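In: I need the structure of the sequence given here:
(one chain, ligands or ions: 1)
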Amino acid sequence: MTAATARTEPPAAPRHGWRERWLAFRNGLVARPAFQRWAAGFLLTRGIAQRNTRALFDLCAGFVYAQVLFACVRLDLFGLLRPGPLAPEIIARRLDLPPERALTLLKAAVSLKLLSRLSDGRFGLADLGAAMIGNPSIAAMVEHHAMLYADLADPVALLRGPSDQTRLSRYWPYAEGVEAIRPDSVAAYSGLMAASQAFIAGDVLDALPLSGRTCLMDIGGGEGVFLSEAGRRHPNLSLCLFDLPPVAERARVRFAAGGLASRVTCHGGSFLDGNLPTGADAISLVRVVHDHDDDVVEALLRAVHAALSPGGLVAIAEPMAGTPGAEPVGDAYFGFYLLAMGSGRPRRADELTAMLTRAGFTDIRERPTRRPLLARMITAKR
Ligand SMILES: C[S@@+](CC[C@H](N)C(=O)[O-])C[C@H]1O[C@@H](n2cnc3c(N)ncnc32)[C@H](O)[C@@H]1O
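Out: Next up is the predicted model:
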C-alpha cells in the first residue's frame, strides 16, 4: 500500500454500542416523511407525533412569540387592561393601532395565554398577563432583550467569533474589563438587576442558613436589594456590600434612603484584584459567578475562601445549567445570552461543586430553592 492510498483510506469504523445503533435506526426512521405521516395517524404513536410536531413548530416560532410579548410590553397593553377587560375597538384606539391590527395582536396574546377573550368579545388579562403586571421587572427584561436579539441576528457569526463589540457587552461593560467603568455605564444594568432581584432574594434567603452568623458580605451585590432583604429578615446581622465603585455608590444611596446606612458598609472595588474585605462569616454571590470565565471564577472563589473567617459560609445562587425541567433556560438561554455578552457561561451544580472544592471549601451542598429555574443555591464552608 502506498502512502497516498493510506492517507485517503477512511478511518476504521468505530465500534458502536447497541444504544448508538438503536438511535441511528430510530433517527433514520423519524426523518422519513412517510414514517412521519404514518406515525401521525397510527393510534399508538399519534400523541407522540403531535407533541413532536408542536415542539418543533414552537422552536421555529419562538422568536415570533417573544416579539408578540415585546409588542404588548412596548404598548403597555397589560397596564391598559389592568383595571378590567375592554372592547377591542377601545383597545385599538388607546393603542393607536388600526383596529384589524390591534385584533391580530390581541388574538396572538390570547393564544399565548397572556390575555383571555370574554364571551362578550372584550379582552382581559389571563394568568401570564396578570403575572406581568405584578412583576414590572419582567417587562424591563423583555425590553432589554431587544439588544440580545440584535446580537443574535447572525448566531453562526456569533458562534464563530471573534465579532465586533456586541450590544450586550456594551450594556454589561464589566464583561469587557473593569478599568473604564463609569457611573453612567452601570446605571442601566444596575437598575435592571435591582428590579429583578425582588424575585430572587426571597427564594435564596428562604434556603440560606444565616442564623448564628454575624456578618454577611454580598459580593457583586449591585444596588443592595438582596442585602436589604437579608437585613430585614435578620435584624442582628451586620451587612457588607462589595461591588464596582460606581455600583457600590448607588447601593450606598439606596441604603441611606432605606434607613439602613448605619448597618451596612459599602466597599467599592474589583474582585479581579484578588483582595476582598475580611471580617464576614458569610459571603453571598448572587447571579455573579455565571457572568465570568472559569479562570476568573477560580480566582474569585480562592479570594472568597481567604476573606472568610474559619468556619465561614459561602453561597453561590444563580440559574444553573442542567436544572431538571428547565434545561433550555440554562444551556440555551443563558448559554447564548452570556456568549453575546462576551463573558461567562452557565454552569451545572456539579461543576460549581468541583470549583468550590478546588478553592479549598468543604461541606459543599445544594440547598433546594422554591423556583430553581430562577436561582439554585450551593453553600460551602471554609
Ligand atoms: C448580574 S449582576 C448581579 C447583581 C446582584 N447580585 C443581583 O443579583 O441583583 C453582577 C454584579 O457583579 C458586579 N461585578 C461585576 N464584575 C465585578 C468585579 N470585577 N468586581 C466587583 N463586582 C463586579 C456588577 O457590577 C454587578 O453588580
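In: Taking the stretch 151-300 of the chain, what residue is nearest to the ligand?
Out: Gly220 (2.8 Å; C-beta to the nearest ligand atom). Yep, even glycine has a C-beta here, placed from its N, CA and C like the rest.
In: Am I right that Leu239 is in a strand?
Out: Yes - residue state for Leu239 (DSSP: H, G, I helix; E, B strand; the rest coil) corresponds to a strand.
In: count of residues packed around it?
Out: Per other C-beta atoms under 10 Å, the neighbour tally for Leu239 reads 23.
In: The one 3 residues further on now?
Out: One way to gauge burial is a neighbour count; for Phe242, by other C-beta under 10 Å, it gives 24.
In: Kindly report the same for Val204.
Out: 26.
In: Which helix or strand contains it?
Out: If you go by DSSP states H and E, Val204 is part of helix 183-207.
In: Give me the mean pLDDT for that helix.
Out: In this model, helix 183-207 has a mean pLDDT of 93.
In: Can you name every helix or strand that it contacts?
Out: Helix 183-207 makes packing contacts with helix 136-151, helix 225-233, helix 245-257, strand 282-286, strand 313-318 when contacts are defined by 3 or more C-beta pairs under 8 Å, 6 or more residues apart in numbering; DSSP states H and E.
In: hmm, try it at 6 Å
Out: helix 136-151, helix 225-233, helix 245-257 (3 or more C-beta pairs under 6 Å, 6 or more residues apart in numbering; DSSP states H and E).
In: May I see the buried residues of it?
Out: By neighbour count with 16 or more other C-beta atoms under 10 Å, helix 183-207 contains the buried residues 185-186, 189-190, 192-197, 200-205, 207.
In: which outside residues touch that helix?
Out: For helix 183-207, the external contacting residues (C-beta atoms under 6 Å, 6 or more residues apart in numbering) are 137, 140, 171-173, 222-223, 225-226, 229-230, 233, 246-247, 250, 317, 367, 369-371, 374-375, 377.
In: what angle separates that helix from strand 282-286?
Out: Here helix 183-207 runs at an angle of 120 degrees relative to strand 282-286 (axes from the mean of the first three to the mean of the last three C-alpha atoms, to 10 degrees).
In: Give me the contact status of helix 183-207 with the ligand.
Out: Yes - judged by C-beta under 6 Å from any ligand atom, helix 183-207 comes into contact with the ligand at 193, 197, 200.
In: just to confirm, which helix or strand has the nearest residue to Arg46 once chain neighbours are set aside in it?
Out: With C-beta to C-beta, 6 or more residues apart in numbering as the measure, Ala40 is the residue that lies nearest to Arg46, at 6.3 Å, once sequence neighbours are left out. Counting by DSSP H and E, the element that carries Ala40 is helix 33-41.
In: Can you name every helix or strand that that helix contacts?
Out: Judged by 3+ C-beta pairs under 6 Å, 6+ apart, helix 33-41 is in contact with helix 43-74.
In: what packs against the helix it packs on?
Out: Against helix 43-74 (3+ C-beta pairs under 6 Å, 6+ apart) you get helix 33-41, helix 99-111, helix 136-151.
In: Out of those helices, which is closest to Arg348?
Out: Arg348 lies closest, by C-beta to C-beta, to one member of the helices and strands packed on helix 43-74: helix 136-151, at 22.6 Å.
In: Buried residues, the closest one. List them.
Out: For helix 136-151, by 16+ other C-beta under 10 Å, it's 137-140, 142, 145, 147-148, 151.
In: And the ligand, is that helix touching that?
Out: No - against the ligand, helix 136-151 shows no contacts by C-beta under 6 Å from any ligand atom, the least distance being 10.2 Å.
In: Next, the angle helix 183-207 makes with that helix.
Out: 120 degrees.
In: CA-only coordinates of the helix or strand following helix 136-151 in CSV, if you can.
Out: Sequence-wise, the next helix or strand downstream of helix 136-151 (DSSP H and E) is helix 155-160. Taking Å, rounded to 0.1, in the frame of the first residue of the first chain, the C-alpha atoms of helix 155-160 are listed here in CSV:
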residue,chain,number,x,y,z
PRO,A,155,-26.0,33.3,15.5
VAL,A,156,-23.4,31.5,13.4
ALA,A,157,-21.2,34.6,13.2
LEU,A,158,-21.6,35.0,17.0
LEU,A,159,-20.6,31.3,17.5
ARG,A,160,-17.6,31.7,15.2
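In: Distance from the chain centre to helix 155-160, please.
Out: Its chain's C-alpha centre and that of helix 155-160 lie 20 Å apart, by C-alpha atoms, centre = their mean, to the nearest Å.
In: before we move on, back to that, dump the residues of helix 183-207 next to the ligand into TSV; add distance to Phe70 as well.
Out: What follows is the residues of helix 183-207 next to the ligand, written out as TSV (distance: C-beta to C-beta, whole Å):
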residue	distance to Phe70
Met193	20
Gln197	23
Ile200	23
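In: Show me which residues of the stretch 201-350 of the chain are close to the ligand?
Out: Residues of the stretch 201-350 of the chain lying close to the ligand (C-beta under 6 Å from any ligand atom) are 220-222, 226, 243-244, 247, 270-272, 286-288, 291.
In: Of those, keep whichever come out buried.
Out: Among these, those classed as buried by 16+ other C-beta under 10 Å are 220-222, 226, 243-244, 247, 270-271, 286-288, 291.
In: show me the contacts for the residue of the stretch 1-150 of the chain found nearest the ligand.
Out: Nearest to the ligand, among the residues of the stretch 1-150 of the chain, is Ser137, at 10.2 Å (C-beta to the nearest ligand atom). Residues in contact with Ser137 (C-beta under 6 Å, 6+ apart) are 195-196.
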